[in-house]
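*Asks:* sharing a model that was predicted from the sequence below.
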Amino acid sequence: MTAPQLTLIAIPGIPLIQPGDDLAAIILQRLTDANLNLHHGDVLVVAQKIVSKAEGRLLPLDSVQPSNRSLSLAAETGKDPKLVEVILRDSREVVRHRRGVLIVEQRNGFVCANAGVDHSNVPARDGRPQVALLPADADASAARLRAQLRDATGKDVAVIINDSHGRPFRLGTCGVAIGVAGMAPLSDRRGTPDLFGQPLRITTVGTADELAAAASALMGQGAEGQPVVLIRGAAFDPAPGTVRDLLRPREADLFREPVPPSAVTNLLYRRQSVRHYAHRPVDRNTLEELIAAACAAPSAHNRQHWRFAVVTKQAVKARLARAMGESFRQDMRREGLPLHEIETRAGRSYHRLVDSPALILAGYSTSDAGSPVAGGQQPLNAAPPSKIEETMAIQSVAAAIENLLLAATAFGLGACWVCWPLFCPDVVREALRLPADFQAQALITVGYPAEAPPRRERFPLETRAFWFLEEGA
Ligand SMILES: Cc1cc2nc3c(=O)[nH]c(=O)nc-3n(C[C@H](O)[C@H](O)[C@H](O)COP(=O)(O)O)c2cc1C
């Protein structure tokens, strides 16, 4: 009886690959040089890096202009903003991040660090550092290579493109398949007998990943220069498959999301009121994006009653805080609070405002709240808006504020809704020299969080909603 064997051979002499190189021709030449032939049923494992290089998936970092989102993620992760920009452009979603770590769902569905963007073994071009992105479609790259090898040799081989990924529950990177051709990447063993004749019930083997990892052990990670490995003797199903077969559907992933799965709901549950900010300014572009997000909210009759005043100028913040503080003092004196209590509270609120890198005052225009459905300005001396119209204006502003808070979360900013202007709308209008029809509703403090705020729990759903559902729904 012959002992089962799996043979792995690193094809020697693969040169440094350049954009536009014909990988199939290079591999075939090196096979010939090494007196090796391809056999039916061989598996050729090719390192992602040389596929990316051959396909020109290289980018000089200095050609990249980071967006506001990249800048804030870069600040949080400590990564180069340009690198973060490249990563985000090739990603569908940021899955997790913290200092030094950026895990995303890459465009093709791989949940991995940095979207697989990497500068190891990537040469600078004309002195400009470059990074390599994953192939745009590694299944297609594998299929092309397989077809070229078959055309040249008449042999049917499977091709795997592999990369090294970290894994959430184990340390150490490991080779995984990111593209396959000529094989089913999974082997469904259900129904086959175990040693004792019992049928296996749930075993599905990730064959392509196992072979990718085996090849990776021979390729090495650094300067070994052995990016192509021939595997002979592997058992696999030659049925056509794609790497997507290896990706656990999101709805079947019990670990990925502690909250409902879409990016929007993720944001929704991440938002928290942030009351302490780092000494770091929020730039105008970012503030404009927040206002744009606010203005995307629904509004009654689409009247867009909201108005905003955005303040980062320290002198204006101080003027507003002083004026509001004086009004609070009067209110508290009327309520009979002891003097020291009044001063402590007034001092605290003063500092909350002047220590926030940005303040956004949100209100509505009383002219809009009373104008006809078609919208448009109404003279200031028009009849006061009806109570319901006014309520709708207030609701519309509230919707806009929530949009703004969510957008702030998306940008890595913290924000807090502060209701104080409700107690002194005239003082606020006056302090900021706003038009007479500006009805202040809330101040939103905005900045980069100094610390993660404590989470405030919500009441159980059954205490907040009445349900009238169809049977079986
Ligand atoms: C209408 C409204 C008024 C609020 N006013 C204040 C306020 O004056 N000061 C403050 O620190 N937080 C204020 N908040 C924030 C709430 O305290 C906060 O949303 C709530 O405690 C839940 O915490 P979370 O936002 O972290 O989930 C206000 C929120 C709303 C919706």
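*Replies:* Looks like it came in fine.

*Asks:* so who does residue 92 touch?
*Replies:* By C-beta atoms under 8 Å, 6 or more residues apart in numbering, the contact list for residue 92 reads 104-107, 109. To be clear about C-beta, it is placed using only N, CA and C from the backbone, and glycine gets the same treatment.

*Asks:* need the three-state assignment for residue 164.
*Replies:* Secondary structure, DSSP: H, G, I helix; E, B strand; the rest coil: residue 164 is strand.

*Asks:* can I get the contacts of residue 92 in a markdown table with distance to the ligand and pLDDT?
*Replies:* What follows is the contacts of residue 92, written out as a markdown table (distance: C-beta to the nearest ligand atom, whole Å; pLDDT from 0 to 100):
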| residue | distance to the ligand | pLDDT |
| --- | --- | --- |
| 104 | 26 | 92 |
| 105 | 26 | 88 |
| 106 | 31 | 90 |
| 107 | 32 | 85 |
| 109 | 32 | 87 |
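
*Asks:* list just the nearest of those residues to residue 20.
*Replies:* Closest approach to residue 20 among those (C-beta to C-beta): residue 107, at 22.7 Å.

*Asks:* go ahead and confirm the closest one touches residue 117.
*Replies:* No - with contact defined as C-beta atoms under 8 Å, residue 107 does not reach residue 117; the gap is 11.2 Å.

*Asks:* which neighbours do the two share?
*Replies:* Common contacts of residue 107 and residue 117, defined by C-beta under 8 Å, 6+ apart, comprise residue 90.

*Asks:* neighbour-wise, which of the two wins?
*Replies:* Comparing residue 107 with residue 117 by other C-beta atoms under 10 Å, the one with more neighbours is residue 117, at 27 against 16.

*Asks:* buried set for the longest strand anywhere in the chain?
*Replies:* As assigned by DSSP state E, the longest strand anywhere in the chain is strand 170-181. Buried positions in strand 170-181, judged by neighbour count with 16 or more other C-beta atoms under 10 Å: 174-181.

*Asks:* what helices or strands is it leaning on?
*Replies:* Strand 170-181 sits against helix 48-54, helix 138-153, strand 158-167, helix 207-219, with contacts defined as 3 or more C-beta pairs under 8 Å, 6 or more residues apart in numbering; DSSP states H and E.

*Asks:* can you tell which of these is closest to residue 351?
*Replies:* Closest to residue 351 of the helices and strands packed on strand 170-181 is strand 158-167 (C-beta to C-beta; 42.8 Å).

*Asks:* please state the offset of the closest one from the chain centre?
*Replies:* The chain centroid and the centroid of strand 158-167 are separated by 23 Å, computed with C-alpha atoms, centre = their mean, to the nearest Å.

*Asks:* how about that strand: buried residues?
*Replies:* For strand 158-167, burial by neighbour count (16+ other C-beta under 10 Å) applies to 158-165.

*Asks:* partner strands of it, with direction?
*Replies:* Strand pairing for strand 158-167, using DSSP bridges, gives strand 43-47 (parallel), strand 170-181 (antiparallel).

*Asks:* helices or strands next to the following helix or strand past the longest one in the packing?
*Replies:* It stands for strand 170-181. Next helix or strand after strand 170-181 toward the C-terminus (DSSP states H and E): strand 187-188. In terms of contacts (3+ C-beta pairs under 8 Å, 6+ apart), strand 187-188 is packed against strand 204-205.

*Asks:* contacting residues around the strand it packs on?
*Replies:* Residues from elsewhere that reach strand 204-205 (C-beta under 8 Å, 6+ apart): 186-190.

*Asks:* what parts of the stretch 251-400 of the chain come near the ligand?
*Replies:* Neighbours of the ligand within the stretch 251-400 of the chain, by C-beta under 6 Å from any ligand atom: 272-273, 275.

*Asks:* per-domain residue ranges of the chain.
*Replies:* The record's domain parsing of the chain by automatic domain parsing lists 7-252, 273-447.

*Asks:* could I get those as JSON lines with distance to residue 469?
*Replies:* Output for the domains of the chain, formatted as JSON lines (distance: least, C-beta to C-beta, whole Å):
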{"stretch": "domain 7-252", "distance to residue 469": "22"}
{"stretch": "domain 273-447", "distance to residue 469": "26"}
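
*Asks:* assumed residue 279 was part of a strand.
*Replies:* No - Residue 279: not assigned to a strand; according to three-state DSSP it is coil.

*Asks:* what does it show for phi and psi?
*Replies:* Backbone torsions for residue 279, taken as degrees, to the nearest 10, come to phi -80, psi 80.

*Asks:* quick one: pLDDT of it?
*Replies:* We have a pLDDT of 91 for residue 279.

*Asks:* please apply the same query to residue 259.
*Replies:* For residue 259, the model assigns a pLDDT of 47.

*Asks:* what ranges does the stretch 251-400 of the chain have for its strands?
*Replies:* Using DSSP state E, counting those that start in this stretch, the strands of the stretch 251-400 of the chain run over 306-311, 358-365.

*Asks:* list the contacts of the first one.
*Replies:* Surrounding strand 306-311, the residues in contact under the criterion C-beta under 8 Å, 6+ apart are 287, 291, 294-295, 297, 299, 317, 320, 358-365, 396-397, 400, 432, 434, 438.

*Asks:* filter those down to the buried ones and hand me the PyMOL line.
*Replies:* Of the contacts of strand 306-311, the buried ones can be selected in PyMOL as follows, counting by 16+ other C-beta under 10 Å:
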select buried, resi 287+291+294+297+299+317+320+358+359+360+361+362+363+364+365+396+397+400+432+434+438
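
*Asks:* pick out the residue of the stretch 1-150 of the chain closest to the ligand.
*Replies:* Of all residues in the stretch 1-150 of the chain, residue 76 sits closest to the ligand, at 18.7 Å by C-beta to the nearest ligand atom.
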